[in-house]
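Student: what's the 3D shape of this:
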Amino acid sequence: MNKPTQIEPSNDDDGKPKRASLLERASGTFGFDRLIPAAVPAKLDSDKAKKFAPRRTIEVTPTPAPAPVPQRRASDAHTSTVPEPAVVEPDRPVVAFTGPKREIVRAMLREQGLIDPDGGASTLLEEFRIVKRQVLATTKTEGSQLARRVLVCSPHPNEGKTFCALNLAIALAGERDMEVLLVDADFGNPSVMEKLGLQESAGFMDVLSDPAAQVADFVVGTDIPGLFVLPAGKRTGRDSEYLSSERTRDVLDQLTRGARNRIIVFDSPPALAATPAAELAKQVGQALLVARADLTGRAALEDAVDLLSACPDIKLLLNDATFSPSGRRFGTYYGYGE
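Tutor: Numbering: from 1, shown residues only. Sure, this is the predicted structure:
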């Protein structure tokens, strides 16, 4: 144990023992320095100098100058990316239609409610002239081969797609210096040749299935100026596979390359009934989706639009309407017959 140490208090001026603080007694006993107040100078150097703390000096680091941009030299030209040149179409069509022309009975067209190209103006012709102008406007604006390919389709059968395709083709053929090729691409139920009163023959599918076939040899000319027809041909059971092949792209490219005044109209199968419509949508720049009034449902139209979404321009064509919401009637205005 530590030996207790007697701590003697110091005396004051009167000789009486002065009571020291605990720290002072500890300092005297254990050798600590006496705690005394810190020395205070009698006079400050300067009131203004000590009123505020000295200002801090901020060191500014100079910003290095930007590195000079190297100048392009003529020797570096070969390393730059050069955009691919635009595809230039030839001045003349790659494929020309020179075969014999077959007669189309005009009375047969009228019996089916189709446009008679020799019958003068009519309400039906004026209606399809509106459709034709929309198609031609898109063709002129785009100026591409795809824009000159038009797909006519419908969600379900019996909604008037073939009726609209035939009338659109006849209306387009009425343009000055224009060729219209109507392609029957409804391989399961071809009907274009029958409605025109022409005999069925080899056609589109035969060209696709035979790499050596020349498409011009299968095009049928008509006595309607500017109108040509490509029959559906023999069905193979692999229609979609042929339509999605490189052969289809080559054939359609041959038909439109250099032919700035030629439009191809496809009559395809219903979009919700067969797959060729979706495959053809990848090869065209415009699509007319036919909806029959009071028959085609909204859900069917939405599903058909999804299937044809590969086409960049899809227009809706209302068929068999018995009234016009705008009150527009060409027969009344122009005096045409019903």
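Student: Is residue 150 in a helix, a strand, or coil?
Tutor: When the structure is reduced to helix, strand and coil (DSSP: H, G, I helix; E, B strand; the rest coil), residue 150 reads as strand.
Student: do you know how far the closest residue in space to it that isn't next to it in sequence is from residue 99?
Tutor: With CB to CB, 6 or more residues apart in numbering as the criterion, residue 150 has its nearest non-adjacent residue at 4.7 Å, and that residue is residue 286. Every C-beta, even on glycine, is put in place using the N, C-alpha and C of the backbone. In this structure, residue 286 and residue 99 are 27 Å apart, going by CB to CB, to the nearest Å.
Student: of these two, who's got more company?
Tutor: Taking other CB atoms under 10 Å, residue 286 and residue 99 do not tie; residue 286 has more neighbours (23 against 13).
Student: Do I have it right that residue 226 meets residue 181?
Tutor: No. With contact defined as CB atoms under 8 Å, residue 226 and residue 181 do not form a contacting pair (9.8 Å).
Student: For those two, indicate the residue with more neighbours.
Tutor: Taking other CB under 10 Å, residue 226 and residue 181 do not tie; residue 181 has more neighbours (26 against 21).
Student: Okay, and the beta partners of that one?
Tutor: When assigned by DSSP bridges, residue 181 has beta-bridge partners residue 228, residue 264.
Student: I'd like the distance between it and residue 146.
Tutor: For residue 181, the distance to residue 146 equals 15 Å [CB to CB].
Student: Enumerate the positions of the helix ranked longest in the chain that are buried.
Tutor: In the chain, ranked by residue count with DSSP state H as the criterion, the top helix is helix 123-142. Within helix 123-142, the residues that count as buried by 16 or more other CB atoms under 10 Å are 123-129, 131-132, 135-136, 138-139.
Student: what about the stretch 51-200 of the chain, any weak spots by pLDDT?
Tutor: Of all residues in the stretch 51-200 of the chain, those with pLDDT under 70 make up the ranges 51-87.
Student: So which residues of it form strands?
Tutor: Secondary structure of the stretch 51-200 of the chain (DSSP state E, counting those that start in this stretch): strands at 101-102, 149-153, 179-184.
Student: any residues touching the shortest one, and which ones?
Tutor: Taking contacts as CB atoms under 8 Å, 6 or more residues apart in numbering, the residues outside strand 101-102 that touch it are 198, 220, 221, 222, 223.
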